[in-house]
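Colleague: sequence first, predicted model second:
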Amino acid sequence: MPIDDAHAIVCERLQSLVEGGLIKIRRSSIAVDISPAGIDKKSGVEWLCRVEGLDKKNILAIGDSPGDFPMFEASGHIACPSNAENECKAYVRSRKGIVARRSYASGVAKILSRIDRD
């Protein structure tokens with residue numbers, strides 16, 4: 001099923017939950033993400049920093065779609081593999097992040113190999 005069709009069906013079936021402010025629905029070129037309102041990758045990064053006493057400037061976030069932008073905002077360093085959506089790659093570049101030349105897990109591995117481990 002094309003992602004546009006899947007997104008439309010999910011939005012239609014869950015419309016009352018979206019309108020009630022209970023969930024958020026986001027889509028990328030390959031997935032439809034459904035999450036409880038107020039709980040997303042950004043809130044997860046913020047929670048981790050708070051619980052572990054980490055400074056966000058020391059957090060690396062790796063994503064591949066605009067749905068990852070909130071997580072990027074909560075992180076000091078950002079990156080994406082080459083298969084990321086064009087909008088995501090442009091955002092990462094605008095924040096002086098790393099856009100790997102490789103895709104998927106190979107791209108993530110390359111990003112991790114470039115990070116200073118001090």
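Modeller: Good, I have the coordinates. For clarity, every value in this text was computed on a predicted model and none was experimentally measured.
Colleague: tell me the contacts of Ser82?
Modeller: Contacts for Ser82 (CB atoms under 8 Å, 6 or more residues apart in numbering) come out as 89, 99-103, 107. (Each C-beta comes from the backbone N, C-alpha and C, glycine too.)
Colleague: repeat that for 10 Å
Modeller: Counting by CB atoms under 10 Å, 6 or more residues apart in numbering, Ser82 touches 64, 89, 99-104, 106-107, 110.
Colleague: identify the residue spatially nearest to Leu17, adjacent ones excluded.
Modeller: Distances taken as CB to CB, 6 or more residues apart in numbering put Ile23 closest to Leu17, at 4.6 Å, once the chain neighbours are dropped.
Colleague: count the neighbours of the one you found for me.
Modeller: Here the count is done by other CB atoms under 10 Å, and Ile23 has 15 residues near it.
Colleague: residue ranges for the helices of the protein, please.
Modeller: For the chain, applying DSSP state H gives helices covering 3-13, 15-19, 41-52, 69-73, 86-94, 104-114.
Colleague: is the residue nearest to Leu17 in a bridge, and if so with what?
Modeller: Per DSSP bridges, the residues bridged to Ile23 are Pro36.
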